[in-house]
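S.K.: build me a structure from this.
(one chain, ligands or ions: 1)
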Amino acid sequence: MTISQHPTEETLTAFASGNLDEGRAVVVAAHVEACSQCRSFVRSLEKAGGVLLGDLAPAEIGSDSLARTLARIERGEGKFVVPPRPAAPPDLPMLPTAARPYPIGRWQWMGPGVRWRAVGVPHKPGARVFLLKAAPGTTMPHHTHTGTELTLVLRGAFTHELGHFGPGDIDEADDTVDHQPVVAKAEECICLVAMEGDLQLLGWMGRLMQPFVRL
Ligand SMILES: [Zn+2]
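M.R.: A predicted model of the protein is given here:
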């Protein structure tokens, strides 16, 4: 997988410090799973955070705390158990690990050649996470948004005014971007999307589809 489009440093920093809402965090985590470059960037931020914590004045602890901790370890208390990694649903083998703990809805029609499927990430009002599937060669409706949109390509590819996006690539857009993605002809394209605010479809096709788009 050759990844060439990454989240902004601002987004990665917010992710590493736990300041990203859960929807966008799932999409960024799914990219970081696949991208060694962003993984080392996030690790270096986490390390820097640890150094800051290390600079804090040490807190007083009781004189018997070491003995108590060792006794707990001997009794097997507080053992860290790695939770099992949930398997991907059989019809979505490409679903990143970060998105697997959430309930996934069924495919629903969104427009010609386009389907979507809800991903049940708890979110603040007006934000949502979903999978988007578009047939090869589909020209997506020209659109803009009232908030931010993070799109991670899971399969296939698309191109728009700002670049080419293949598997593992992230497309980060805000309300200043108005774009019209075109899906590559080779295969269908499946993306994981976290969107804040409303999708505003432009052009005749968009106006036709807008009443049906109930994400
Ligand atoms: Zn990356």
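
S.K.: is the residue in the chain sticking out farthest from the centre within a helix or a strand, and which one?
M.R.: Centroid-distance maximum for the chain: Ser63 at 45.3 Å, with C-alpha atoms, centre = their mean. Under the criterion DSSP states H and E, no helix or strand holds Ser63.

S.K.: pLDDT weak spots in the protein?
M.R.: Applying pLDDT under 70 to the chain flags residues 50-62, 66, 69-70, 73-84, 123-126, 145, 198-215.

S.K.: and it, which residues reach the ion?
M.R.: Contacts of the chain with the ion, taken as C-beta under 5 Å from the ion, map to 6, 35, 37-38. No exception for glycine: its C-beta is placed from N, CA and C like everyone else's.

S.K.: among the residues you listed, which ones are in strands?
M.R.: In strands, judged by DSSP state E, none of those are found.

S.K.: by neighbours, which of these wins?
M.R.: Neighbours here mean other C-beta atoms under 10 Å. Within these, the largest count is held by Cys38, at 23 neighbours.

S.K.: nearest residue to it other than its sequence neighbours?
M.R.: Among residues not flanking Cys38 along the chain, Val32 sits closest, at 5.0 Å (C-beta to C-beta, 6 or more residues apart in numbering).

S.K.: then the host helix or strand of that neighbour to PDB, C-alphas only?
M.R.: Under the criterion of DSSP H and E, Val32 resides in helix 22-34. This file holds the C-alpha atoms of helix 22-34, laid out as PDB (Å, rounded to 0.1, in the frame of the first residue of the first chain):
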ATOM      1  CA  GLU A  22     -14.600   9.900  18.500                       C
ATOM      2  CA  GLY A  23     -15.800   9.900  14.900                       C
ATOM      3  CA  ARG A  24     -12.700  11.600  13.500                       C
ATOM      4  CA  ALA A  25     -10.500   9.700  15.900                       C
ATOM      5  CA  VAL A  26     -11.700   6.400  14.400                       C
ATOM      6  CA  VAL A  27     -10.900   7.500  10.900                       C
ATOM      7  CA  VAL A  28      -7.400   8.900  11.900                       C
ATOM      8  CA  ALA A  29      -6.700   5.700  13.900                       C
ATOM      9  CA  ALA A  30      -7.600   3.600  10.800                       C
ATOM     10  CA  HIS A  31      -5.100   5.600   8.800                       C
ATOM     11  CA  VAL A  32      -2.400   5.400  11.500                       C
ATOM     12  CA  GLU A  33      -2.900   1.600  11.500                       C
ATOM     13  CA  ALA A  34      -1.800   1.500   7.900                       C
END
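
S.K.: pull the residues that contact that helix.
M.R.: Residues outside helix 22-34 that contact it (C-beta atoms under 8 Å, 6 or more residues apart in numbering) are 1, 3, 6-7, 11-12, 15, 20, 38-39, 42, 96-99, 102, 119, 121-123, 127-129, 148, 150-152, 167-168, 170, 192-194, 196.

S.K.: okay, how far is it across stretch 158-166, tip to tip?
M.R.: Chord length of stretch 158-166, first to last residue, is 7 Å (C-alpha to C-alpha, to the nearest Å).
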